[in-house]
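Colleague: With the input below, show me the fold.
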Amino acid sequence: MTVGFLFLVPLTIGYLTVRPVAGASLRFRLFAPWISCAFVILGSVITGLEGSICVIFASPAMLLFASIGGMLAGALPGVNEAVFGAVVAGALDAVLAVVVAGVSAASHAVSAGARLESVPLDFLAGIHHPCDKDNPTKPWI
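Modeller: This next block holds a predicted model:
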């Protein structure tokens, strides 16, 4: 899991869940984002993006940050959508710059003559399956 998926996405989900509701109660600000966050967690499990152990360990942090986002939405009623949109756009620009720089560096390394070599798998030919008693010389793979 990336830091953005673990912390920033739930924070944003919590904020966006509570923001449209005028006069949201404390209970709503704390627990309503959990429903939206649960859909994200369920979607990552269904699509296979995350395994069950990752979901088990990440869910408490995601739910906590979703609640923090909900509390921020209730505590900052004067912040309009344009300011929030500018902050999100700035964060996405920063992430995109890092991704582009990484892809550019990788393509430069390949064009500069870096070689990608495969690992020889000849040693696997000598491994035999323990249940193959009729033909012990037959390789396992």
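Colleague: Burial check on Leu63, number of neighbours?
Modeller: 19 (other Cβ atoms under 10 Å). From N, CA and C alone the C-beta is placed, and that goes for glycine too.
Colleague: Quick check: it touching Ile35?
Modeller: No: judged on Cβ atoms under 8 Å, Leu63 makes no contact with Ile35 at a distance of 10.4 Å.
Colleague: the domain parsing of the protein - what is it?
Modeller: 1-78, 80-115 (automatic domain parsing).
Colleague: rank those by pLDDT, which is bottom?
Modeller: Of all the domains of the chain, mean pLDDT reaches its minimum on domain 80-115 (a mean of 61).
Colleague: residue contacts, Met71?
Modeller: 14, 29-30 (Cβ atoms under 8 Å, 6 or more residues apart in numbering).
Colleague: now Ile41
Modeller: Applying Cβ under 8 Å, 6+ apart, the residues near Ile41 are 55, 58-59, 62.
Colleague: buried subset of those?
Modeller: 55, 58, 62 (16 or more other Cβ atoms under 10 Å).
Colleague: Please state the backbone phi and psi of the first one?
Modeller: Listed backbone geometry of Val55 is phi -70, psi -40, with angles given as degrees, to the nearest 10.
Colleague: Go ahead and confirm it touches Gly43.
Modeller: No: between Val55 and Gly43 there is no contact under Cβ under 8 Å: 10.9 Å.
Colleague: Now do the helices in this protein.
Modeller: Using DSSP state H, the helices of the chain run over 3, 9-18, 26-46, 52-75, 81-111.
Colleague: what residues does the shortest one touch?
Modeller: What it means is helix 3. Contacts for helix 3 (Cβ under 8 Å, 6+ apart): none.
Colleague: re earlier: now distance to Ala22 too, for the buried ones among the contacts of Ile41, in CSV please.
Modeller: Shown next, in CSV, are the buried ones among the contacts of Ile41 (distance: Cβ to Cβ, whole Å):
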residue, distance to Ala22
Val55, 33
Ala58, 32
Met62, 26
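Colleague: Now render the contacts of Met71 as TSV, adding neighbour count and distance to Thr2.
Modeller: Converted to TSV, the contacts of Met71 look like this (neighbours: other Cβ atoms under 10 Å; distance: Cβ to Cβ, whole Å):
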residue	neighbour count	distance to Thr2
Gly14	29	18
Arg29	22	26
Leu30	19	25
